Every structure is written in structure tokens, then in C-alpha cells.
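**Student:** this is a predicted model, with the sequence first.
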Amino acid sequence: MTSPDVFGRWDADKYPPVGRCIYCGSTESLSDEHIIPYGLQPKGGDWFLPKASCDKCANITKGFEGSCLQGTLGPFRAKLKLKTRRKPKSTVDQMIVFRVDGRTENKVVPLEEFPTSCLGFNWEEAGFLRHVEPATEFVGELIVRHPKGEIEKYLRDGEAIKIARTRPLDYARMLAKIAHSYAVARFGEAAFEPLLPDLILGRNVQAPHFVGGDKSGAPLVDQPGVLHDVYPQACIVKGVPHLLIGIRLFAFMGMPRYLVVTGRIRDKQLSVLRTAPL
């Protein structure tokens, strides 16, 4: 397990205010939009796009981000001492032990004793890149990374434990929000025709069509000292250049990489990021 101190201060790029909501276009009641969710950032650092989200859209994104930050990644975030707007907990009550005889036991575990485990998904490549019809069901598997012995110490033969809740659609919408806000911050709204706002705002639930795993074949190795890795790519899909955003949350733990189809490229200069046809 990497000490949270290894990440140090996160001195992210600074961006000028957008002046309109990057999801719906409203110019009313704007707030700053965190590119990586606030609760996934280390203390002392920040990464946001100023004046870029209206109150209505912020309430929508807060819902699925909260599901991921609290239900899926809550104890792991706490052990890394990442940012939180709540009072830090000293205990975790999420662990449920499933006994051999069919009984279950809810355990309140001190945070320092709770299994250090990070959850993610090994998904198929986005359907858009595979030229298949849009779908609502993800194909893949849940990935759990943990230091050897962290979970085993709570188990006896035939037993299992539940350490978190997972909602794949919420997780995919969080990845879509990261990709879209990063693309706007890095390249500007005029550089691409966005494909993700409907998914982010809940008007489209065909998340696997735009959000999927990185199946490029690049080795999935740990990136020591790297908390999150976000990077752009470009590809040609049926003769049309598209912007992809690669995302790897908790890269130091060897978690999966995702590729998010973010939009059709308008600015020809972006096509040099990558030109492989898909």
C-alpha cells in the first residue's frame, strides 16, 4: 500500500472561467466544476474548471458522484486521506460477513483495520469503437485490488465479505463527467462536438456505448506515485476523427484503464494525438 504522503501537493493546471454550464449551456448560478471529483483529490491540491456548471446540473452530478465516492470508494478514500466535506470517520460500518451457515454479520471495523481494497471494472471496449448497436448492460467483471492478506484475514473457509456497493452506471457517468470536463478544460468547447452530456445528465443510459475499457493491449502495470492518470487520444471512427479521453483512477494500485468516447473532433489539430482507424 502506498502512503498517501507520496502524492504530495497536486499542482494542477489552471483554466479561465467558462461562463456557461458545460452540460446544458445555462449561464445562471454557475459554480466551479471539479475535473476529478473533489473527493478523489489529495489534500492541498485541486483541479477544476471555473464557472462551468449550473446548480441544476451540479445537483445531478452530485448524485452519481456521491454513489461512487461513498458507496464504492468510501473506505479506500478514507484510508488514503483524500478530501472530504464531511467529518472523517474513525470506523467503517460497511463490512458484511457472510457465514458458512447462511447467517450474516454487520461489523463495525476501525478504519485502520478495514481491508485496504480498491474497486473498479474490467469492461469491454466502448460499443461505439466496436461499431455495435448502443446497449445498456456492461460486459466485464468487477476488479478488486488489495495488498496480500488485507481481505483474507477476515475470512474462514466458505465465507465471504461485502466491503462496498457498486453501481456500474453511476461509475460510468462519473468517468464520462471526468472525460467531458477535462476535454473542455484542455481543448475548449469549440474543439469538439460533445457526445456525453445526455449520459452525464441521465437523459441517456446507454453508457457502455461511450464508456469502456482500454483494450489496446498496453501492459497494465502499477504507476508508482501516480494517483490518477487522465490523457487525450484521437482516433478515426468510420472516417470521422473522434476525441477519446483515457482515465485511470488510482493508477498506483494497478487499476484498469478506461477509454471514453468524448466527441467528434472539429479542430483538425487534435487529430495528431492519434490517427489509428477504429
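**Tutor:** Received, thanks. Everything numeric in this text was worked out from a predicted model, so none of it was measured.
**Student:** and the strands in this protein?
**Tutor:** Along the chain, counting by DSSP state E, strands occupy 30-34, 48-54, 91-98, 104-110, 118-123, 140-145, 160-162, 192-194, 211-213, 228-237, 240-249, 258-265.
**Student:** list phi and psi for the closest residue to Asp214 other than its chain neighbours.
**Tutor:** Distances taken as Cβ to Cβ, 6 or more residues apart in numbering put Arg257 closest to Asp214, at 3.8 Å, once the chain neighbours are dropped. C-beta: built from backbone N, CA, C; applies to glycine. Geometry field for Arg257 lists phi and psi as phi -100, psi 140, criterion degrees, to the nearest 10.
**Student:** could you count how many residues lie near the closest residue to Ser29 other than its chain neighbours?
**Tutor:** The shortest distance from Ser29 to any non-neighbouring residue, by Cβ to Cβ, 6+ apart, is to Asp55 (4.3 Å). Neighbourhood size, Asp55 [other Cβ atoms under 10 Å]: 12.
**Student:** alpha carbons of stretch 46-63, as PDB, please.
**Tutor:** The C-alpha trace of stretch 46-63 is given here as PDB (Å, rounded to 0.1, in the frame of the first residue of the first chain):
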ATOM      1  CA  ASP A  46      -7.300  20.900  -6.600                       C
ATOM      2  CA  TRP A  47      -8.200  20.600 -10.300                       C
ATOM      3  CA  PHE A  48     -11.300  22.400 -11.500                       C
ATOM      4  CA  LEU A  49     -12.800  24.400 -14.300                       C
ATOM      5  CA  PRO A  50     -14.100  27.800 -13.000                       C
ATOM      6  CA  LYS A  51     -17.700  28.900 -13.600                       C
ATOM      7  CA  ALA A  52     -18.600  25.800 -15.600                       C
ATOM      8  CA  SER A  53     -21.700  24.100 -14.000                       C
ATOM      9  CA  CYS A  54     -25.100  25.400 -13.200                       C
ATOM     10  CA  ASP A  55     -26.900  24.500  -9.900                       C
ATOM     11  CA  LYS A  56     -29.300  22.100 -11.700                       C
ATOM     12  CA  CYS A  57     -26.600  20.100 -13.400                       C
ATOM     13  CA  ALA A  58     -24.400  20.200 -10.300                       C
ATOM     14  CA  ASN A  59     -27.200  18.500  -8.300                       C
ATOM     15  CA  ILE A  60     -27.400  15.800 -10.900                       C
ATOM     16  CA  THR A  61     -23.700  15.100 -11.000                       C
ATOM     17  CA  LYS A  62     -23.500  15.200  -7.200                       C
ATOM     18  CA  GLY A  63     -25.900  12.200  -7.100                       C
END
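**Student:** give me the pLDDT value at the residue nearest to Ser29.
**Tutor:** We note a pLDDT of 97 for Asp55 in this prediction.
**Student:** who touches it in this structure?
**Tutor:** 28-29, 31 (Cβ atoms under 8 Å, 6 or more residues apart in numbering).
**Student:** report the buried members of those.
**Tutor:** Among the contacts of Asp55, none scores as buried (criterion: 16 or more other Cβ atoms under 10 Å).
**Student:** and which of those is nearest Gly120?
**Tutor:** Comparing the contacts of Asp55 against Gly120 with Cβ to Cβ picks out Ser31 as the nearest, at 28.2 Å.
**Student:** show me where the stretch 51-200 of the chain has helices.
**Tutor:** Assigned by DSSP state H, counting those that start in this stretch, the stretch 51-200 of the chain shows helices spanning 55-66, 74-80, 127-130, 168-187, 197-200.
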